[in-house]
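J.: Sequence and predicted structure are below.
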Amino acid sequence: MLNISKIQTTDSDKLNHNIKVTPAKNNSFAEKMNNFYTKKPSSENYKAYYLSFGKAGKKEENITNSQLKALNGYLDKESKLMLDSLNKKGILNDNSSNDGSTVMDNLIKIAKEPRIQGLDKGIIIKEVIKALDNPFSITQKFGDIPIEVANQIKSETGMDVPTSPIFSSSCVAASMEFNLASRKPAEFARFAEGLSSKNYSVNKNIKLSDISDGFASSIWMLREFNSDYKIAPNWNDVSVNIKPDRNAIVRARVQTSYKDEKERSCVDVLIQSAILNLCSQSTYNALTDERTGKFNPDNAGLTDFEKTFGEQILFERPIISVVYQNLDENGYLTGYNCEREETKQHILKSLESGHNVIIGYTHLDENNKVDGGHEITVIGYEQDKNGNGYFVCNDTDDDLNESVKISEDKLLPLIHHAGISKDSLNENDVVVETWREIVNDFQEMIKKERNI
């Protein structure tokens, strides 16, 4: 039986190699994984695990013609068809948001209230509708910045910015964005509205128990992540203000005016930047896709510790980051923390409870050494007529606007970590909260590395 206390180790010699998957910095990793994916899933075979998008709840109200008319003025023919489809599916009435507002409430708000200068209401509305109509269209791919725009940025900020498209380390944030759009459509629309508004932020009210079992440890964690928060008078709830870094405005403006096919939209930029800023202790720079922060010795991406914190805030539920692979100090795979069937059951139980599972998987060379890693989202599971199992997944970096499926025999050995719903773990699993020790070890390890 899996012992979580073993997985959430505080051994400083092993910690970094159990927690961090180093992302590849070029396209070779993606090319290596071309054979990883198989054909498009057969939806009838995985309905038992794959829940309908936007099933969290909805208001039993009819969308009025005046509401549709308020939006149609911003839409082209294709977007109008998507809006009509969302209406027929009941997604416009979905109220899975933190404040109970519906998708339509937030779309109307975008249309009627001022946006940040340089952002276009019509484009924001169309991008929200597109993402909700097909969440698989959400991507992590950065766009290029025209030279004249880069020169203007430098003259105003003194910052040199890359003009060519940069390799994106935002797979975790894009996966969380996908989960918002697919599982909580109204919350996705609320994020798009709030982050593009004059407030440039979104406020979330959550229970402290969603972050940690203890009051003191929850507050301590919020402080360690430099969160902007307020404790409610009942001392059980907390309000967290989520906002992107200021450079995300520049990125969003660029994607408003210069977006090419298969690049991130302005909405993608704002939501992914907000998530990365939340998880990296407010140190993210959207122009360079780099961060600092105390929990990651690298300047890009997120550790699974940071990912877990962000997931708990965004999805308002306790999540355990379970590390399945044992890697030595040189990045070689030396073993696993549990049997493959148990890993599979952790994922399936999370799916059965209505939650997608973001996993970090590694690519191993011929000597079993990690030479790349990536984060994708498991959304379902199916079996073929011969009993072979496949995980149905979304990859925000594969240039596909649809799901893919991966053989469980291929994927399970490569899973380094996964964000598992706490209620999906076995009763006999020993869950030990070790946040403080993990942070202390990270800080000591980073200090040592920087002094070398």
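T.: Arrived safely. Numbers count the residues shown, from 1 in each chain.

J.: Spatially central residue in the chain, please.
T.: Per CA atoms, centre = their mean, the C-alpha nearest to the average position across the chain is that of Met176, at 2.0 Å.

J.: and that residue, backbone torsions?
T.: phi -70, psi -40 (degrees, to the nearest 10).

J.: Just the element for the spatially closest residue to it that is not a sequence neighbour, please.
T.: Sequence neighbours aside, Ile275 is the residue nearest to Met176 in space, at 5.3 Å (criterion: CB to CB, 6 or more residues apart in numbering). All C-beta atoms are positioned from the backbone trio N, CA, C, and that covers glycine. Element membership for Ile275, per DSSP states H and E: helix 266-279.

J.: Beyond that helix, next helix or strand please.
T.: Next helix or strand after helix 266-279 toward the C-terminus (DSSP H and E): helix 304-315.

J.: just to revisit the earlier point, pull up the gap between the residue nearest to the centre of the chain and Val392, please.
T.: 18 Å (CB to CB, to the nearest Å).

J.: and what of Ile63?
T.: Applying CB to CB, the value for Ile63 to Val392 is 31 Å.

J.: Could you point out which residue ranges in the chain have low pLDDT?
T.: Counting by pLDDT under 70, the chain has low-confidence residues at 1-35, 39, 42-60, 427-452.

J.: The longest strand along it: partners in the sheet, and parallel or antiparallel?
T.: For the chain, the strand with the greatest residue count under DSSP state E is strand 370-383. Using DSSP bridges, strand 370-383 pairs in its sheet with strand 357-364 (antiparallel), strand 389-394 (antiparallel).

J.: Could you tell me the angle between it and helix 304-315?
T.: Counting by axes from the mean of the first three to the mean of the last three CA atoms, to 10 degrees, strand 370-383 lies at 40 degrees to helix 304-315.

J.: List the buried residues for strand 370-383?
T.: Using 16 or more other CB atoms under 10 Å as the test for burial, strand 370-383 gives 370-382.

J.: before we move on, what about stretch 331-349?
T.: 331, 333, 336-338, 342-349.

J.: Tell me which helix or strand the closest residue to Val202 other than its chain neighbours sits in.
T.: Of all residues not flanking Val202 in the chain, Gly194 sits nearest, at 3.8 Å (CB to CB, 6+ apart). Element membership for Gly194 (DSSP H and E) is helix 185-196.

J.: neighbouring contacts of the following helix or strand past that helix?
T.: Per DSSP H and E, helix 185-196 leads on to strand 202-207 as the next helix or strand towards the C-terminus. Outside strand 202-207, the residues that touch it by CB atoms under 8 Å, 6 or more residues apart in numbering are 98-99, 190-191, 194-195, 232, 236-243, 274, 313-314, 316.

J.: ok, of those residues, which come out buried?
T.: Going by neighbour count (16+ other CB under 10 Å), the contacts of strand 202-207 have 98, 190-191, 194-195, 238, 240, 242-243, 274, 313-314, 316 buried.

J.: Widest-spaced pair of the residues you listed?
T.: Pairwise distances across those peak at 20.0 Å for Leu195 and Val238 (criterion: CB to CB).

J.: ranges for the strands of the chain?
T.: Applying DSSP E to the chain gives strands spanning 202-207, 228-231, 237-242, 319-323, 325-327, 333-336, 357-364, 370-383, 389-394, 404-407, 415-421.

J.: Would you mind putting those into a markdown table with distance to Glu78 alongside?
T.: Shown next, in a markdown table, are the strands of the chain (distance: least, CB to CB, whole Å):
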| stretch | distance to Glu78 |
| --- | --- |
| strand 202-207 | 28 |
| strand 228-231 | 38 |
| strand 237-242 | 31 |
| strand 319-323 | 36 |
| strand 325-327 | 44 |
| strand 333-336 | 46 |
| strand 357-364 | 30 |
| strand 370-383 | 25 |
| strand 389-394 | 22 |
| strand 404-407 | 24 |
| strand 415-421 | 34 |
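
J.: tell me the contacts of Ser350?
T.: Ser350 makes contact with Asn356, Val357, Ile420, Ser421, Ser424, according to CB under 8 Å, 6+ apart.

J.: who does Gly335 bridge with?
T.: Asn326.

J.: correct me, but it touches Tyr324?
T.: No - applying CB atoms under 8 Å, one finds Gly335 not in contact with Tyr324, separated by 10.0 Å.

J.: With adjacent residues omitted, what lies nearest to Val161?
T.: Leu287 (4.7 Å).

J.: hang on, isn't Met159 packed against Leu287?
T.: Yes - Met159 lies in contact with Leu287 (CB under 8 Å); the separation is 6.6 Å.

J.: out of those two, which sits in the busier spot?
T.: Counted by other CB atoms under 10 Å, Met159 and Leu287 do not tie: Leu287 has more neighbours, with 23 against 14.

J.: any idea how far Ser101 is from the more buried one?
T.: 31 Å.

J.: How about Pro318?
T.: The gap separating Pro318 from Ser101 is 25 Å, by CB to CB.

J.: got it, and Tyr229?
T.: According to CB to CB, Tyr229 and Ser101 sit 21 Å apart.

J.: do Asn205 as well
T.: Going from Asn205 to Ser101 by CB to CB gives 13 Å.

J.: so what are the domain limits for this protein?
T.: 4-52+317-451, 65-279 (automatic domain parsing).

J.: what's the distance between the last one and the middle of its chain?
T.: With CA atoms, centre = their mean, to the nearest Å as the basis, the distance from the averaged C-alpha position of domain 65-279 to the chain average is 12 Å.

J.: Give me the contact list for stretch 219-232.
T.: Under CB under 8 Å, 6+ apart, the answer for stretch 219-232 is 205, 208, 211-212, 237-243, 278-279, 281-282, 294, 309, 435-436, 439.

J.: between the strands paired with strand 370-383, which gets nearest to Leu414?
T.: Nearest to Leu414, of all the strands paired with strand 370-383, is strand 357-364, at 4.3 Å by CB to CB.
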